[in-house]
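Student: sequence and predicted structure are below.
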Amino acid sequence: MAFVEPEPDVPGAAGDDGDGADGSPSFLRRILAARDKPRSPWLLIFAVVLFVGFTLVAFRALPPIEQPIRWELILIAGLVCVPVITALNALEYRAMAHFADHHPPALEIIQVSIMGSAANLLPIPGAVVVRLANLHKGGVKVTRGLNLTAIIGITWVGSACVLGGAAQLLSHPDFGGAALALGISLMTVSLILLSRTLPPGTRARGAVELVAIEAGFVTMQALRLFLVAAALRFDVSFAQATALVIAAVSAAAIGFLPAGLGVREGIAAILSPIVGIPAAVGLVITAVDRVINLVVLSVFAGIVTLLTRKQRGAGRPQPAEPAPSG
């Protein structure tokens, strides 16, 4: 996504709502309108078929698992790692909103983060559009929201490449060096763009905050994959799991299927042999990791929906009691 210069903050300036000077919708506004359209259900069906097909083929190619599954590690991956990643997701959106001078309440931040993540696997707009819509409702210009979305996405991909490449630098120097170089380049670009977006005096703090959040994301995603592999009795190191996170961010960056469904698993199967993991093993642990994440996120989404309904019900004015007759 290309970076766009912010519009001048003057009344009536072109770009206050993303429209051109002649009142016609701007290019960015047309992009947002296009992304805001519901995805075709057939695209989701295709993604599910791709995901199930890849997973079944991988299971048939797996080496025999002679020991029982360690369910306690599955529980840790779901009940510890997923909530921590969800909290990081909320912190990321909070930082994004603050970068745009928008300060939503905590419940709204949690709602946007959880519902956006859950929406990624449905035939409706995913986390990006949910975030952009919420920022726009809070008065943030469309172009500024798009700029920040691009910056955060580039930082996430860069962090995954830096950490994944560094983890493989000794065992697989060619792959590790290439991933590290790509990650450093992406991080440099994202931080330059961020410095052009933030006012002086907040740039260093904003850069440190964003990099810390994205590095935390990658680390927790790697830990979740590592726990899943250990639960299934596969010999996968934490360094190898860190490299596999690149598959997740690559699929998210491609973005033509809901949450990269099927694409992430396919990239994991291609990437796994490069870092010393059988392709079937890399695909299976990635698929199981997705299922764990989806189950826990569905529970969170239900809780948030219930809290939202209670909040709306409490905010409705009570009907006035009729005055006593006579």
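Tutor: Looks like it came in fine.
Student: where does the chain dip in pLDDT?
Tutor: Regions of the chain meeting the criterion pLDDT under 70 cover residues 1-51, 54-63, 118-127, 253-261, 311-326.
Student: tally up the residues packed near the spatially closest residue to residue 91 that is not a sequence neighbour, please.
Tutor: With C-beta to C-beta, 6 or more residues apart in numbering as the criterion, residue 91 has its nearest non-adjacent residue at 5.4 Å, and that residue is residue 213. C-betas here are computed from N, CA, C, even on glycine. Residue 213 has 22 neighbours, counted by other C-beta atoms under 10 Å.
Student: sec struct for residue 213, please.
Tutor: The three-state assignment at residue 213 reads helix, by DSSP: H, G, I helix; E, B strand; the rest coil.
Student: that one and residue 88 touch, don't they?
Tutor: Yes. Under the criterion of C-beta atoms under 8 Å, residue 213 is in contact with residue 88, at a separation of 5.8 Å.
Student: give the buried residues for stretch 221-233.
Tutor: 221-232 (16 or more other C-beta atoms under 10 Å).
Student: again, but for stretch 269-280
Tutor: Under the neighbour-count criterion of 16+ other C-beta under 10 Å, stretch 269-280 has 269, 271-272, 275-280 buried.
Student: distance between the ends of that stretch?
Tutor: 6 Å (C-alpha to C-alpha, to the nearest Å).
Student: distance check, residue 285 against residue 90.
Tutor: In this view, residue 285 and residue 90 are 26 Å apart by C-beta to C-beta, to the nearest Å.
Student: what do you get for residue 290?
Tutor: In this structure, residue 290 and residue 90 are separated by 20 Å, where distance is defined by C-beta to C-beta.
Student: for the two, indicate the residue with more neighbours.
Tutor: Counting neighbours by other C-beta under 10 Å for residue 290 and for residue 90 shows that residue 290 has the greater number, 21 against 18.
Student: element containing residue 94?
Tutor: If you go by DSSP states H and E, residue 94 is part of helix 82-99.
Student: chain center to that helix, what's the gap?
Tutor: Going by C-alpha atoms, centre = their mean, to the nearest Å, the spacing between the C-alpha centre of helix 82-99 and its chain's C-alpha centre is 10 Å.
Student: which helices and strands sit right next to it?
Tutor: On a contact count with 3 or more C-beta pairs under 8 Å, 6 or more residues apart in numbering; DSSP states H and E, helix 82-99 meets helix 106-119, helix 127-137, helix 142-167, helix 203-231, helix 279-315.
Student: check which residues of it are buried.
Tutor: Neighbour-count burial for helix 82-99 flags 82, 85-86, 88-97, 99 (criterion: 16+ other C-beta under 10 Å).
Student: for residue 159, the count of nearby residues, please.
Tutor: Residues near residue 159, counting by other C-beta under 10 Å, number 26.
Student: got the contact list for the residue nearest to residue 91?
Tutor: Shown in contact with residue 213 (C-beta atoms under 8 Å, 6 or more residues apart in numbering): 88, 91-92, 95.
Student: could you dump these to TSV with distance to residue 217?
Tutor: TSV is the format used below for those (distance: C-beta to C-beta, whole Å):
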residue	distance to residue 217
88	5
91	10
92	8
95	12
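Student: among these, which one sits closest to residue 115?
Tutor: Within the set of the contacts of residue 213, residue 92 lies nearest residue 115; the separation is 14.7 Å, counting by C-beta to C-beta.
Student: surely that closest one meets residue 155?
Tutor: No. Counting by C-beta under 8 Å, no contact exists between residue 92 and residue 155, whose distance comes to 9.5 Å.
Student: between these two, what contacts are shared?
Tutor: Common contacts of residue 92 and residue 155 (C-beta under 8 Å, 6+ apart): 210, 214.
Student: what's the neighbour count on residue 190?
Tutor: Using other C-beta under 10 Å, residue 190 is surrounded by 25 other residues.
Student: that one reaches residue 148, doesn't it?
Tutor: No. Because the distance of 10.6 Å does not satisfy C-beta under 8 Å, residue 190 is recorded as not touching residue 148.
Student: my guess is residue 275 contacts residue 175, does it?
Tutor: Yes. In terms of C-beta under 8 Å, residue 275 counts as a neighbour of residue 175; the distance is 6.6 Å.
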